[in-house]
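Colleague: Below is the sequence, then the predicted model.
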Amino acid sequence: MTTPLVIFDLDGTLIDTAPDLIDSLNHTIAAAGLAPVTFEDLTYLVGQGVRVMIHRAFELRKVPLDEPTAERLFDRYIEHYRAHMPGRSRPYDGVVECLDRLETAGMRLAICTNKIGQLAIPLLEKLGLADRFATITCGDTFAVRKPDARHILGTVDRAGCDPTRSLMIGDSVNDILAAQNARVPSVAVTFGYSDVSVDTLNPDHVISGYDQLTVELVQSLIGLDAKQAATAK
Ligand SMILES: O=C(O)COP(=O)(O)O
Ligand SMILES: [Mg+2]
């Protein structure tokens with residue numbers, strides 16, 4: 001019997017990175033004379049990695065952006081973000097306890113993030129979380145990224161698990177759509193960075209805190225009863 005797999009998104013799901021995303025983005029776009037963005041803006045800007053975030057910030061300010069400038073600003077962002085990690089970023093309340101109980105119940109854990117590897121991996125290492133996960137796949141791990149099903153399916157494969165025994169936890173349309181595309185059940189969190197109410201994304205379940213992500217909930221969403229789960233290790 002395949003080990004159950006719980007896959008987490010990173011920004012806005014596992015870790016509250018918003019203050020540092022906003023700081024690095026504002027540092028970046030200030031170099032081009034753009035006014036700073038707010039948390040509200042971030043919920044629209046974030047989700048498809050740094051390059052898309054910079055492009056969307058320029059669109060938001062109705063300022064054209066040529067590719068050489070975009071590349072320079074990308075480097076500026078990476079340099080700033082890496083120099084300040086982990087900054088004010090912290091796991092959400094109850095994350096560590098939740099990972100502990102899922103692991104104790106014999107479940108495997110993974111991360112599937114659109115954040116690029118050179119930012120995601122050191123951040124998780126600095127927060128002491130990297131070793132908890134069987135695999136961490138990033139926005140540049142495969143040729144495609146969320147919402148493409150293959151980002152989730154590749155994560156499941158690297159974790160040595162099975163899509164029919166996997167669950168995706170996320171905060172944005174990319175996560176829920178990727179799960180639906182991969183035919184994996186999904187849980188949306190209400191506390192992340194979505195510019196629409198997560199209910200409208202039709203996840204299989206919604207949680208407003210990690211105390212609600214119980215072993216029983218995971219088992220029921222991936223169609224395992226408690227007895228099967230106990231023999232799944
Ligand atoms: O960095 C981003 O744009 C998105 O990252 P996430 O997939 O972990 O939410
Ligand atoms: Mg996210």
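Modeller: Sure, I can see it. Numbers count the residues shown, from 1 in each chain. Ligands and ions are numbered 1, 2, ... in the order given.
Colleague: Name the SS class of Ile111, please.
Modeller: With DSSP: H, G, I helix; E, B strand; the rest coil as the basis, Ile111 sits in strand.
Colleague: For it, give the beta-bridge partners.
Modeller: Phe8, Ile136 (DSSP bridges).
Colleague: shouldn't it be in contact with Ile136?
Modeller: Yes. Ile111 is within contact range of Ile136, at 4.4 Å (criterion: CB atoms under 8 Å). Glycine gets a C-beta too; all of them are placed from N, C-alpha and C.
Colleague: touching ligand 1 at all, the helix ranked longest in the chain?
Modeller: In the chain, assigned by DSSP state H, the helix with the most residues is helix 67-84. No. With CB under 6 Å from any ligand atom as the criterion, ligand 1 is not reached by helix 67-84; the gap is at least 10.1 Å.
Colleague: Might you enumerate the residues of the chain proximal to ligand 1?
Modeller: So the chain meets ligand 1 at 9-12, 46-49, 53, 113-115, 172 (CB under 6 Å from any ligand atom).
Colleague: Restricted to helices, list these.
Modeller: Secondary structure defined by DSSP H assigns Gly49, Met53 of the residues of the chain next to ligand 1 to helices.
Colleague: Show the buried residues in the residues of the chain next to ligand 1.
Modeller: 9-12, 46-49, 53, 113-115, 172 (16 or more other CB atoms under 10 Å).
Colleague: what two of those are the furthest from one another?
Modeller: Using CB to CB, the pair of these lying farthest apart is Asp9 and Met53, separated by 15.5 Å.
Colleague: Pull up the overlap in contacts between Ile111 and Ile136.
Modeller: Residues touching both Ile111 and Ile136 (CB atoms under 8 Å, 6 or more residues apart in numbering) are Ala120, Leu124.
Colleague: pLDDT weak spots in this structure?
Modeller: Applying pLDDT under 70 to the chain picks out residues 225-233.
Colleague: quick one, domains of it?
Modeller: 5-16+91-230, 18-84 (automatic domain parsing).
Colleague: Please list all residues in contact with Val173.
Modeller: Per CB under 8 Å, 6+ apart, neighbours of Val173: Gly47, Pro147, Ser194, Val196, Leu201.
Colleague: distance of it from ligand 1?
Modeller: 10 Å (CB to the nearest ligand atom, to the nearest Å).
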